[in-house]
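Colleague: sequence and computational prediction follow.
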Amino acid sequence: LGAGHCSAECLNALKCHPETQKAVINDIMSWVNSKHSKECILWLNGPAGAGKLLILQTMAEICENQNKLILSFFFS
């Protein structure tokens with residue numbers, strides 16, 4: 001279907017530069033790695049063009065590399 005973060009459509013997608021959105025990615029990874037978080041859903045919002053999709057694509061790749069990815073689904 002091509003909706004996963006590693007589908008053919010996404011493999012050539014833009015990626016975050018390693019220094020871009022570093023604070024946001026670190027905050028999300030702290031949430032991912034927290035064993036005591038009561039929140040089971042992380043809501044990422046912002047204006048159009050702010051880079052939300054790039055951040056989520058990057059997060060899916062990081063989590064997959066750390067064997068923490070459970071599910072990813074992207075609409076295009």
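Modeller: Noted; the coordinates are in hand. Numbering: from 1, shown residues only.

Colleague: restricting to C-alpha, output the host helix or strand of residue 58 in CSV.
Modeller: Assigned by DSSP states H and E, residue 58 belongs to helix 52-65. Output of helix 52-65 as CSV, limited to C-alpha atoms (Å, rounded to 0.1, in the frame of the first residue of the first chain):
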residue,chain,number,x,y,z
LYS,A,52,5.8,17.7,11.4
LEU,A,53,5.9,15.0,8.8
LEU,A,54,9.7,15.2,8.6
ILE,A,55,10.0,14.9,12.4
LEU,A,56,7.7,11.9,12.4
GLN,A,57,9.5,10.2,9.5
THR,A,58,12.8,10.8,11.4
MET,A,59,11.3,9.5,14.7
ALA,A,60,10.0,6.3,12.9
GLU,A,61,13.4,5.6,11.5
ILE,A,62,15.1,6.2,14.9
CYS,A,63,12.6,4.0,16.7
GLU,A,64,13.0,1.2,14.1
ASN,A,65,16.8,1.3,14.4
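
Colleague: poorly predicted segments of this protein, please.
Modeller: Low-confidence segments of the chain (pLDDT under 70): 1-18, 73-76.

Colleague: what ranges do the helices span in it?
Modeller: Taking DSSP state H, the helices of the chain run over residues 8-11, 22-33, 52-65.

Colleague: out of these, indicate the one that is most buried.
Modeller: Of all these, helix 52-65 carries the top mean neighbour count, a mean of 17, counting by mean count of other Cβ atoms under 10 Å. Where you see a C-beta, it was placed from the backbone N, CA and C, and this is true even at glycine.

Colleague: packing partners of that one?
Modeller: Other helices and strands packing on helix 52-65, by 3 or more Cβ pairs under 8 Å, 6 or more residues apart in numbering; DSSP states H and E, are helix 22-33.

Colleague: rewinding a little: residue 41 is nearest to which of the helices of the chain?
Modeller: Evaluated with Cβ to Cβ, the helices of the chain place helix 22-33 nearest to residue 41, the distance being 10.2 Å.

Colleague: now what about the closest one, what contacts it?
Modeller: Contact with helix 22-33 is made by 16, 37, 39, 42, 44, 55, 58-59, 62-63, 68, as judged by Cβ atoms under 8 Å, 6 or more residues apart in numbering.
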